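>>> Below is the structure, and that's it, no one-letter string:
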């Protein structure tokens, strides 16, 4: 693997990860009505760290392969939508619009997984957990939206 | 050109463009002390629209080419840093941290332009305006930071 390529893709993930650090959940998230299957807070940074490392590795692995055009386009799309979600959910506290963003992210990740299948088996399996995680996060976003319609966010 | 590829790269640009719509400059930006060479407000959406269309075209154009690994990695990095900048500058109103983000964006765009030079002359020239624009925006961010240190943002 080309380590410089890995580091460039990891830097892209770093931009997405930064949103989690600068727009923390805080009291507002704590007070939202959430389903019983909401993951514990500590799981989010752990899961994202593993997913970002996998994603950077997959990016570096496929970038030099022929026929990876779609996979690389979806890779770029997913990191942009990923970076957008947190500022809208935790920054603006707009749960409905965040649901639209996570739907876009889900399409990008599905596209990534789908285009890796005929290309690279290891890369495919390394992105399947990301699709599962984003599906789960999208369901959580949708259920939080359903439960908290009319909830007036506290003054920021 | 593969139009589906173009639309996937354009969707990635759409995520970055969305930050400009949901985190508008507003009164806070109007009241900041800005240099005389600040571009007029109307120029920003015009410039970004042209840059995003070019970027999506460049992405679709190079994704199917051999030897485009670095260019595509930098393409992904620039769109993530681009999406991160607006929520930090206009959302959190953190001018100093935004300067760090735009430095990262500048490195990604320089890397993109640099890796396109030996690969595709048209794609190279289509990204040069982006490098110039981001250099200008970084200088503006730096000068606004210098002029407004100690400026207390209004309550949000």
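Now that the structure is in, tell me what you want to look at. None of these values were measured; they are calculated from a predicted model.

>>> do the lowest-mean-pLDDT helix or strand in chain A and chain B meet?
Lowest on mean pLDDT, DSSP states H and E among the helices and strands of chain A sits helix A:26-31, with a mean of 93. No - judged by CB under 8 Å from any CB of the partner chain, helix A:26-31 stays clear of chain B, getting no closer than 13.2 Å. Quick note: C-beta positions are derived from backbone N, CA and C, even for glycine.

>>> Next up, the contacts around the most centrally placed residue in chain A.
Chain A has residue A:82 as the residue nearest its centroid, 4.4 Å off, counting by CA atoms, centre = their mean. Going by CB atoms under 8 Å, 6 or more residues apart in numbering or on different chains, residue A:82 touches A:16, A:105, B:80.

>>> which residue sits closest to the last one, ignoring its sequence neighbours?
Closest residue in space to residue B:80, ignoring its immediate chain neighbours: residue A:15 at 3.8 Å, by CB to CB, 6 or more residues apart in numbering or on different chains.

>>> With the second one instead?
The shortest distance from residue A:105 to any residue that is not its chain neighbour, by CB to CB, 6+ apart, is 3.9 Å, and that residue is residue A:81.

>>> ok, the closest residue to residue A:35 other than its chain neighbours to chain B distance?
Nearest residue to residue A:35, sequence neighbours excluded (CB to CB, 6+ apart): residue A:143, at 4.9 Å. Residue A:143 sits 23 Å away from chain B, going by CB to the nearest CB, to the nearest Å.

>>> Show me what the helix or strand hosting residue A:143 packs onto, helices and strands only.
Assigned by DSSP states H and E, residue A:143 belongs to helix A:121-147. Where contact means 3 or more CB pairs under 8 Å, 6 or more residues apart in numbering or on different chains; DSSP states H and E, helix A:121-147 is packed against helix A:43-63, helix A:95-116.

>>> hey, which of the ones you listed is tucked in deepest?
With neighbours taken as mean count of other CB atoms under 10 Å in any protein chain shown, the helices and strands packed on helix A:121-147 reach their highest mean count in helix A:95-116, at a mean of 20.

>>> can you state the direction angle for it and helix A:121-147?
Angular relation of helix A:95-116 and helix A:121-147 on a 0 to 180 degree scale: 160 degrees, by axes from the mean of the first three to the mean of the last three CA atoms, to 10 degrees.

>>> Let me know the average pLDDT across helix A:95-116.
In this model, helix A:95-116 has a mean pLDDT of 98.

>>> can you state the direction angle for it and helix A:43-63?
Going by the same axes, to 10 degrees, helix A:95-116 is angled at 40 degrees with respect to helix A:43-63.

>>> Count the residues that sit near residue A:150.
Residue A:150 has 4 neighbours, counted by other CB atoms under 10 Å in any protein chain shown.

>>> mind listing what it touches?
By CB under 8 Å, 6+ apart, residue A:150 lies in contact with nothing.

>>> rewinding a little: what is the least confident helix or strand of chain A packed up against?
With contacts taken as 3+ CB pairs under 8 Å, 6+ apart, helix A:26-31 sits against no other helix or strand.

>>> any low-confidence regions in chain A?
Within chain A, the ranges that satisfy pLDDT under 70 run A:151-156.

>>> if we can go back for a sec, could I get the contacts of residue A:82 as a markdown table with distance to residue B:117?
Output for these, formatted as a markdown table (distance: CB to CB, whole Å):
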| residue | distance to residue B:117 |
| --- | --- |
| A:16 | 28 |
| A:105 | 32 |
| B:80 | 22 |
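
>>> quick one on the thing from earlier: so the residue nearest to residue B:80 touches residue A:83, yeah?
Yes - counting by CB atoms under 8 Å, residue A:15 does reach residue A:83; the two are 5.5 Å apart.

>>> any common contacting residues for these two?
Applying CB under 8 Å, 6+ apart, one finds that residue A:15 and residue A:83 are jointly contacted by B:80, B:83-84.

>>> hang on, isn't the residue nearest to residue A:35 packed against residue A:33?
No - with contact defined as CB under 8 Å, residue A:143 does not count as touching residue A:33 (9.2 Å).

>>> of the two, who's got more company?
Neighbour tally, residue A:143 and residue A:33, criterion other CB under 10 Å: the higher count belongs to residue A:143, 15 against 10.

>>> what helix or strand is residue A:83 on?
Counting by DSSP H and E, the element that carries residue A:83 is helix A:69-86.

>>> That helix to helix A:43-63, inter-axis angle?
Interaxial angle of helix A:69-86 relative to helix A:43-63 (the same axes, to 10 degrees): 160 degrees.
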